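> Show me how the following folds:
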Amino acid sequence: MVRAVVFDVGETLVDETRIFSRWAGRLGVPAGTFLGLIGACAATDRPLEDAFELARPGLDLPAEIARWAVDDPDDLRENFDADDLYDDVRPALAALRDAGFAVVVAGNQPPQARAALEAMDLPVDSIRTSDEWGVEKPDPRFFAAVAELTGVPPSDIAYVGDRLDNDVLPAADAGMRPVLVRRGPWGYLHATRPAAGRVDVVDSLLELPGLLA
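A predicted model of the protein is given here:
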């Protein structure tokens, strides 16, 4: 029986369209081009970082992020805020808590992401990031940290994400119930793959309370 529901962040809770559109402006390429490169990386199982390299060969991404912070310190830049949440996030999280589930956010995110998420006052019990834990998905140690945080066995945890490779299949391997949300470039593509037959697939987070009841 599922007692805790744990969520990835990017393209699960947060629509990253504005983030990558700002990146396109920073890199000097049309937004449609950069979003297309991200989609191409998703379709060909290349890491997201390759989209930046394709847009600007030889780019030192950490250095560019640091320069951007100096150039435009008051803008969101590569970050997100409450305006980037998908519309179903707040009502779905609230419904899950009302139904008695523990609700946790834990994803591959940089140091500033936890503060950004906490500022949204989401109806969740805990928020953690890979940066805090020093380990990223799909490493099994990430999912071990998730289980430790929730305080329940992996079999009592549902992990919700938009990727088969990084999120839900590793969660399944860790003994958790895997749920793929079909949105974002990875979500739409991965939902069509044979391995999606191993997981629950939803089109909205609002489906979760009924699915997991």
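
> how would you label Val179: helix, strand or coil?
The three-state label given to Val179 by DSSP: H, G, I helix; E, B strand; the rest coil is strand.

> wait, isn't it in contact with Val168?
Yes: between Val179 and Val168 there is a contact at 6.5 Å, judged by CB atoms under 8 Å. Yep, even glycine has a C-beta here, placed from its N, CA and C like the rest.

> Following the strand or helix carrying Trp23 in sequence, what is the next regular element?
Assigned by DSSP states H and E, Trp23 falls within helix 17-27. As assigned by DSSP H and E, the chain's next helix or strand after helix 17-27 is helix 31-43.

> Report the distance from that following helix to the chain centre.
17 Å (CA atoms, centre = their mean, to the nearest Å).

> higher neighbour count, Val179 and Val168?
Set Val179 next to Val168 and count neighbours by other CB atoms under 10 Å: Val168 wins out with 31 against 27.

> what are the ranges of the strands in this structure?
For the chain, applying DSSP state E gives strands covering 4-7, 102-107, 126-129, 157-161, 177-181, 200-202.

> Can you name the residues in contact with the longest one?
Where contact means CB atoms under 8 Å, 6 or more residues apart in numbering, the residues beyond strand 102-107 that reach it are 3-10, 12-13, 93, 96-97, 113, 117, 122-130, 137, 142, 145-146, 149-150, 152, 161.

> and the angle for it with strand 157-161?
40 degrees (axes from the mean of the first three to the mean of the last three CA atoms, to 10 degrees).

> ok, Ala116 - how many residues close by?
19.

> repeat for the one 3 residues further on
By the criterion of other CB under 10 Å, Ala119 has 10 neighbours.

> tell me the domain ranges of this structure?
Under automatic domain parsing, the residue ranges defining each domain of the chain are 4-15+81-212, 17-71.

> and the end-to-end length of the last one?
Chord length of domain 17-71, first to last residue, is 22 Å (CA to CA, to the nearest Å).

> where's that domain relative to the chain centroid, distance-wise?
That offset, for domain 17-71, works out to 17 Å (CA atoms, centre = their mean).

> what pLDDT, on average, does it get?
Domain 17-71 shows a mean pLDDT of 97.

> So Thr129 sits against Gln109, correct?
Yes: using CB under 8 Å, Thr129 is in contact with Gln109, at 4.1 Å.

> more crowded one of those two?
Neighbours per residue, other CB under 10 Å: of Thr129 and Gln109, the larger number sits with Gln109, 23 against 20.

> Contacts only, for the more buried one.
For Gln109, the contacting residues are Val9, Gly10, Thr129, Ser130, Asp131, by CB under 8 Å, 6+ apart.

> again, only this time at 10 Å
Gln109 is in contact with 8-10, 14, 80, 116-117, 127-132, 136, counting by CB atoms under 10 Å, 6 or more residues apart in numbering.
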